[in-house]
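Colleague: Got a sequence here, can you build the structure:
(4 chains, ligands or ions: 4)
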Amino acid sequence: MTTMTMAKALNEGLRRAMEKNKKVLIMGEDVGKLGGVFRITDGLQKDFGEDRVIDAPLAESAIVGTAVGLAIRGYRTVCEIQFDGFVYPAFDQIVSQVAKLHKRSDGVYTMGLVIRIPFQGGIGAIEHHSESPEAYFAQTAGLRVVSCSTPNDAYWMIQQSIEHDDPIIFCEPKSRYWEKGDVDLESPPQGLFEAAVRREGTDVTVIGYGSSVKTMLRAADTAAVEGTSLEIIDARSIAPLDLDTMARSLEKTGRLVVVQEAPHMASIGSEIVAELSERCFYSLRAPGLRVSGYHVPYPPSRIEEEYRPSVDRILDAVDRVMGAES
Amino acid sequence: MTTMTMAKALNEGLRRAMEKNKKVLIMGEDVGKLGGVFRITDGLQKDFGEDRVIDAPLAESAIVGTAVGLAIRGYRTVCEIQFDGFVYPAFDQIVSQVAKLHKRSDGVYTMGLVIRIPFQGGIGAIEHHSESPEAYFAQTAGLRVVSCSTPNDAYWMIQQSIEHDDPIIFCEPKSRYWEKGDVDLESPPQGLFEAAVRREGTDVTVIGYGSSVKTMLRAADTAAVEGTSLEIIDARSIAPLDLDTMARSLEKTGRLVVVQEAPHMASIGSEIVAELSERCFYSLRAPGLRVSGYHVPYPPSRIEEEYRPSVDRILDAVDRVMGAES
Amino acid sequence: MIGEELVQLLTPEGERIAHSDYESTLGSDEIFGLYRDMVIIRRLCNESTSLQRQGQLALWAPIQGQEAAQIGAGRALAPMDFTFPTYREHGIAWCRGVPPKDMLRLFRATSNGGWDPQKYRHSVPTVVLGNQALNAVGYAMGVQRDGAEEAVMAFFGDGASSQGDVLESFVWAASFNTPTVFFCQNNQWGISTPMSIQSKIPLYHRAHGFGFPGIRVDGNDVLAVYEVTKRALESARVGGGPTLIEAYTYRLGAHTTSDDPTRYRIDAEVEVWKHRDPIERVKSLLVREYHVKAAKFDDVTVEADALALELREDVLAMDRPDPITMFDHAYAAPHPLVDEGRREMMELGVSAGAHS
Amino acid sequence: MIGEELVQLLTPEGERIAHSDYESTLGSDEIFGLYRDMVIIRRLCNESTSLQRQGQLALWAPIQGQEAAQIGAGRALAPMDFTFPTYREHGIAWCRGVPPKDMLRLFRATSNGGWDPQKYRHSVPTVVLGNQALNAVGYAMGVQRDGAEEAVMAFFGDGASSQGDVLESFVWAASFNTPTVFFCQNNQWGISTPMSIQSKIPLYHRAHGFGFPGIRVDGNDVLAVYEVTKRALESARVGGGPTLIEAYTYRLGAHTTSDDPTRYRIDAEVEVWKHRDPIERVKSLLVREYHVKAAKFDDVTVEADALALELREDVLAMDRPDPITMFDHAYAAPHPLVDEGRREMMELGVSAGAHS
Ligand SMILES: Cc1ncc(C[n+]2csc(CCOP(=O)(O)OP(=O)(O)O)c2C)c(N)n1
Ligand SMILES: Cc1ncc(C[n+]2csc(CCOP(=O)(O)OP(=O)(O)O)c2C)c(N)n1
Ligand SMILES: [Mg+2]
Ligand SMILES: [Mg+2]
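Modeller: Ligands and ions are numbered 1, 2, ... in the order given. Next up is the predicted model:
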């Protein structure tokens, strides 16, 4: 056990993956000398060389498009997208090639590549630096989407993602990069596609991922004081969702709140509510609620905290599901 | 009242919009002499000239990106994307500029543009010609998404979309282009963002849009024979959804099936189920079910009918909601 | 438009002409081999068109007129090179050894690919215009990292040359000096869109602006295409970096069997290009210079007919896949939504034969 | 890299040099005006950096070193022209008349735009690299349809020159011969990425490959930038089509206040460019040729200081917007999800003052 920030944990995880497999490459804008704008790749070019840590010309479609070619050649590229709002130029390559080439080649091509995206808001940035694009990818058959919320998960999930044979969109909650936590360097906490119960509770199941998890835990503290017991689930895997773990919790609590920074329209939250409404129809004591970003372009960051799900908004939803009895 | 195909109705609607407002332009690949691969713009370049019906160089990002500039200049461009699978190169312009410039300019810029996309499958095409990308856009704050399912709607909805000041993704069910129906050239059937009850029923509310509507109606015929009465709702507007109309129906039937060609993960169907589960919690007699495409890349078209929601699959879901009583 | 800038080793009449930089290195057998390839691929292409007309294919994208461009390039490739085609590279696929029936799986709509791309070192078709150019550059970056002497070839058309992905691939190939040969078949039309809408100047100039060589070759002259491609590939293999080859040619047929070219181009233009037929050109040479006998040409026709018949039989025997196979290879590892779908389909009793 | 291909009308020492194609058309007052603009914008930029350091701005993107490029281009524009900036065009915004405080709204994170783009004929900032190049070409297509004699200018950097959108915008501008001037400030860095990763050859060559003129101007020579830009704009306005101007300059400061350039570039390089300071250059000219007195320069310093103070006061007075405004202008027409969100926020009692 050692303590480090999520940023450092990702850096160490990448380093270990590169040591284990020399086919692992890193590619992105400013990932070399600068170590990336968040320093996630700090020092890696120095240690692994310019051939393995590649400073890309400024074009996201090309970063992903060449990673596809490298995958065909047998390399495993970890693409860094500098910020969430800059992944869209690569959308075509992701949807049309990354997601579909394994199928199109009848399994001959392995699209083992990872696209790292620092996502969600909360760092006071300007526009396009605080988006939550996870549902675009979750919807896309052929892709998988995961998100870490602790340094330990960051360390292990990045390695598990690199080792996995399917393409993975790896969403990093940038507002949590500098928060510290224990990392177990010996063995992974769990499988890549499993949700984690972060806090047990009996009254309401609260599900979220990425930056929201910490907010949810804070909401659970407050709720506990008020006598309401929240069970906090970190989805970890956004696509596929670990619905079994979620349903198990819901069978117990009968009440559901889902938290996400993305607007609720056709979101991961919608999926969780729809699926669990089906699976747990007879256990649900109140309608499942979503606490989401609003359906507007991400606002200027001086007012982003009113956009992002806050403890207050989560507790408000908790009150509503607690108040409504069937 | 006159009878025409949906393709012709769209053509006539575009023509009328161009006649009414000379700021209306059409832009896309092969929209000129060829009249588009589906002939939707047939004859328009001849009548309105090359300056208003613009054959584009082959680049979707540029088609949308220049339409944005034209919108700033006061033009209203109807962009034709040749097939659903080719809209992704334009995704960045759509998400980062089309959806956000009205907001970014504090309302000074009007992004009055329409992006027409022939979508969904059913025409026996090769890969990338049968996608259902509507949820990508529905999720995106700043955009609206609509879909027509009849020639009359096609004729009116395209005109209403062009007149509307927000950017609209206009999804055309290509498999229905050649089906005929009555068109009322005098007055529009209803508002652009309203759902339509296509057939009244009492047992199960079945909601869908685009090509699925006809399949749903056929399912209703079959179900009627078996004594089950389906209420068929054509969503028409995918974003925003006309949840009031849908909820009204569900209050009556207590049972919900949503039909879509897209896979169900974080889909429009998920949104409808999540929203209606919340709004109609106490009226729902069975969990809302989704009949969707499978979570795999769209298959080779020789087996697409097993991928697309069929009458059988809809009836199977109907049986399940009918069988499950709370 | 055809001027000095066009590398040509044969006139449209099949007479040799000298070029300052290139000369043909091929002997009569090899030239005859190119002829044979062109005749066969045209025959297979015609057979495919008929198969489509008879309802046996969902679509077909003919290559009439472009045989020299594809066979010249295809035969210049070495076995270890790797190629990234569009949907129209039947001649390349032929040269790479892809069985004709496999080329048709996409068009019979029984597969989204059709062959083993690693076995033939010829990637699966890319339908989204331009994507493959970046994939090819990435593959070439892998070749560099492996220290291998292999070239990678990316195919695209005049239309696709306007796509951001193709243009970005030029940036990357130049920056990393990758062993990539960009082979643009300028067949002058992107469906109904004439070349002049994509560029006012010859396309090969693009490369210069990105800092690597571009060259225009007469795409209907198989000897010239062969030599130009061969040199570009050799240069790529030994660290010489990328080249853009613009093969100036013409699509004699429709864009695809769904297309109606009479709506957008005049017959006279097509007629002009019929007189520049690439097969006739090299046949004239073979007759004039090498005195190849009619019987030998006839043998090729017979061989081509036989292959066409075999193709037809193969296609007719190509069954609709079992729908359950749509769940195979969607992911490399197990996925709950795939399993759920497979289970649902099985429960519904959908099977290979069930659908009309 | 600086050679004959670079249009220069002043040496780094501020001495005039002749150029075969361009000569300066400006008199002393006008040149002094350019000097004044440059001093003011540098001063405002420095003030903004301090404001950021003091926690008053979320971010700042400085333009030190690029003042001549921006003021030269900005002053060459005519009122009716329209400009599409990135996030770094403070000098252009200044020339277009955008109030300095409005330029800072984006960086104070109180707005995603900041000014009325139609009023100043200067579009809102585009942060997603390259998008604006296509928007500018589209706007120019509108100008053509209106039959107006206006030019449209698209700004981007050396880094963004690799983006598909910028490259596609070249295709379109060439195809439609639009009145677009592409103004690329090659400040040699895209954050930590050196120019050599985007292109091995000078960027202005790109234009030639697409069939329109490209020209490289010394971006630290305000007279040269002014003349080159003016001519390109004039040509555009009268149907001469697009031009790519590469202003060869240098980003003396950090990419933004979040950046640490010591991690990726050496001091010596920065020192070299400090000696090519664009403001000193034109100041030398004004002193030597026009005998402008120290007092007059001092006046400008005083004026700039006053403007900086005003800016500071304006920024400090710039309140956090009421959160409820996030629902304004999300759509032009009423939208149920926007209404729902607004209602929810109101019910939660969130107000302008509520957040710490
Ligand atoms: C991104 C994208 N946009 C549109 C299409 C539809 N489409 C298929 S082929 C074609 C024309 C391509 O022209 P060109 O690149 O010259 O190749 P050719 O067909 O002439 O071989 C178009 C527009 C597509 N496949 N991909
Ligand atoms: C599409 C996109 N990708 C990445 C970024 C992040 N980013 C912002 S500025 C920048 C460097 C831009 O360099 P250049 O174009 O040379 O402009 P400069 O900042 O030097 O003025 C990067 C990578 C972005 N804004 N947009
Ligand atoms: Mg072509
Ligand atoms: Mg730069």
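Colleague: in the stretch 51-200 of chain C, what spans have low per-residue confidence?
Modeller: Within the stretch 51-200 of chain C, not a single segment meets pLDDT under 70.
Colleague: just the strands in it please.
Modeller: All strands of the stretch 51-200 of chain C, identified by DSSP state E, counting those that start in this stretch, fall at C:82-84, C:152-157, C:180-186, C:189-190, C:193-194.
Colleague: And the stretch 151-300 of chain A, by the same measure?
Modeller: Using DSSP E, counting those that start in this stretch, strands in the stretch 151-300 of chain A cover A:168-173, A:180-183, A:196-199, A:204-208, A:230-234, A:237-239, A:256-263, A:289-293.
Colleague: Go through the ones you listed and name the closest to residue C:93.
Modeller: strand A:168-173 (31.8 Å; Cβ to Cβ). C-betas here are computed from N, CA, C, even on glycine.
Colleague: same for that closest one, what does it pack against?
Modeller: Here strand A:168-173 touches helix A:6-20, strand A:114-119, helix A:134-138, strand A:144-147, helix A:151-163, going by 3 or more Cβ pairs under 8 Å, 6 or more residues apart in numbering or on different chains; DSSP states H and E.
Colleague: if I look at residue C:15, how far off is ligand 2?
Modeller: 52 Å (Cβ to the nearest ligand atom, to the nearest Å).
Colleague: and residue C:265, how many neighbours?
Modeller: 15 (other Cβ atoms under 10 Å in any protein chain shown).
Colleague: do residue C:313 as well
Modeller: With other Cβ under 10 Å as criterion, residue C:313 counts 11.
Colleague: now do residue A:230
Modeller: Around residue A:230 there are 27 residues (other Cβ under 10 Å).
Colleague: Please work out the residue of the stretch 201-326 of chain A nearest to chain C and name it.
Modeller: residue A:240 (4.9 Å; Cβ to the nearest Cβ).
Colleague: how near is the nearest residue to that residue once chain neighbours are set aside to residue A:112?
Modeller: Among residues not flanking residue A:240 along the chain, residue C:336 sits closest, at 4.9 Å (Cβ to Cβ, 6 or more residues apart in numbering or on different chains). Residue C:336 sits 20 Å away from residue A:112, going by Cβ to Cβ, to the nearest Å.
Colleague: between the two, who's got more neighbours?
Modeller: residue A:112 (23 against 14).
Colleague: can I assume the more buried one is in contact with residue A:160?
Modeller: No - between residue A:112 and residue A:160 there is no contact under Cβ atoms under 8 Å: 11.9 Å.
Colleague: how about the residues of chain C that lie near chain D?
Modeller: C:162-165, C:167-168, C:171, C:174-175, C:196-201, C:205-211, C:214 (Cβ under 8 Å from any Cβ of the partner chain).
Colleague: circling back: to residue D:45, which of the helices and strands packed on strand A:168-173 lies closest?
Modeller: strand A:114-119 (27.7 Å).
Colleague: Which strands or helices does the closest one pack on?
Modeller: strand A:76-80, helix A:151-163, strand A:168-173.
Colleague: Partner strands of it, with direction?
Modeller: Looking at strand A:114-119 with DSSP bridges, its partner strands are strand A:76-80 (parallel), strand A:168-173 (parallel).
Colleague: Next, give phi and psi for residue C:7.
Modeller: phi -80, psi 120 (degrees, to the nearest 10).
Colleague: what about the residue nearest to it when sequence neighbours are not counted, is that helix, strand or coil?
Modeller: Leaving aside its sequence neighbours, residue C:7 sits nearest to residue C:217 (Cβ to Cβ, 6+ apart; 4.4 Å). The three-state label given to residue C:217 by DSSP: H, G, I helix; E, B strand; the rest coil is strand.
Colleague: Could you check how many residues crowd around residue C:217?
Modeller: Neighbour tally, residue C:217, other Cβ under 10 Å: 32.
Colleague: surely it meets residue C:228?
Modeller: Yes - using Cβ under 8 Å, residue C:217 is in contact with residue C:228, at 4.4 Å.
Colleague: Quick check: neighbours shared by those two?
Modeller: C:7, C:245 (Cβ atoms under 8 Å, 6 or more residues apart in numbering or on different chains).
Colleague: what's the domain layout of the chain?
Modeller: The chain I'm using is chain A. A:2-183, A:196-322 (automatic domain parsing).
Colleague: that answer is for a different chain, and I need it for chain C
Modeller: C:28-318, C:322-356.
Colleague: could you dump those to a markdown table with distance to ligand 4?
Modeller: Shown next, in a markdown table, are the domains of chain C (distance: least, Cβ to the ion, whole Å):
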| stretch | distance to ligand 4 |
| --- | --- |
| domain C:28-318 | 15 |
| domain C:322-356 | 40 |
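Colleague: winner for burial among those domains?
Modeller: domain C:28-318 (a mean of 22; mean count of other Cβ atoms under 10 Å in any protein chain shown).
Colleague: is that domain anywhere near ligand 1?
Modeller: Yes - Domain C:28-318 is in contact with ligand 1 by Cβ under 6 Å from any ligand atom, via C:88, C:127-129, C:156-160, C:187, C:189-191, C:251, C:255.
Colleague: hmm, which two among the residues you listed are most spread apart?
Modeller: Between all members of the residues of domain C:28-318 next to ligand 1, the farthest pair (by Cβ to Cβ) comes out as C:128 and C:251, at 19.7 Å.
Colleague: Report how many residues lie close to residue A:49.
Modeller: Here the count is done by other Cβ under 10 Å, and residue A:49 has 11 residues near it.
Colleague: ok, what's across the strand from whatever residue of the stretch 101-250 of chain C ends up closest to ligand 1?
Modeller: Distances between the stretch 101-250 of chain C and ligand 1 by Cβ to the nearest ligand atom are smallest at residue C:157, namely 2.3 Å. Here residue C:157 sits in beta bridges with residue C:185, as judged by DSSP bridges.
Colleague: now the helices: where do they sit in chain C?
Modeller: For chain C, the helices defined by DSSP state H cover C:28-53, C:67-76, C:90-96, C:100-103, C:117-120, C:131-146, C:164-176, C:195-198, C:205-210, C:222-237, C:267-274, C:278-290, C:294-316, C:336-348.
Colleague: Take these and lay them out in CSV including distance to residue B:216.
Modeller: What follows is the helices of chain C, written out as CSV (distance: least, Cβ to Cβ, whole Å):
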stretch, distance to residue B:216
helix C:28-53, 33
helix C:67-76, 47
helix C:90-96, 41
helix C:100-103, 39
helix C:117-120, 40
helix C:131-146, 35
helix C:164-176, 38
helix C:195-198, 42
helix C:205-210, 50
helix C:222-237, 54
helix C:267-274, 47
helix C:278-290, 53
helix C:294-316, 36
helix C:336-348, 18
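Colleague: right, and these - which one's nearest residue D:282?
Modeller: helix C:205-210 (32.0 Å).
Colleague: Spell out which parts of the stretch 201-326 of chain A neighbour ligand 4.
Modeller: Not one residue of the stretch 201-326 of chain A sits near ligand 4, judged by Cβ under 5 Å from the ion.
Colleague: And the residue of the stretch 1-150 of chain A found nearest ligand 4, how far from ligand 3?
Modeller: Residue of the stretch 1-150 of chain A nearest ligand 4, by Cβ to the ion: residue A:58 (9.0 Å). Residue A:58 sits 29 Å away from ligand 3, going by Cβ to the ion, to the nearest Å.
Colleague: got a list of what the nearest residue to that residue once chain neighbours are set aside touches?
Modeller: In space, residue A:58 comes closest to residue D:159 once its chain neighbours are excluded; the distance is 4.1 Å by Cβ to Cβ, 6+ apart. For residue D:159, the contact set (Cβ under 8 Å, 6+ apart) comprises A:58, D:129, D:189-191, D:193, D:198.
Colleague: Next, give phi and psi for residue D:159.
Modeller: phi -60, psi -50.
Colleague: any idea how far it is from residue D:167?
Modeller: From residue D:159 to residue D:167 the distance is 13 Å (Cβ to Cβ).
Colleague: before we move on, what about residue A:47?
Modeller: Taking Cβ to Cβ, one finds residue A:47 at 34 Å from residue D:167.
Colleague: Then residue A:320?
Modeller: 51 Å.
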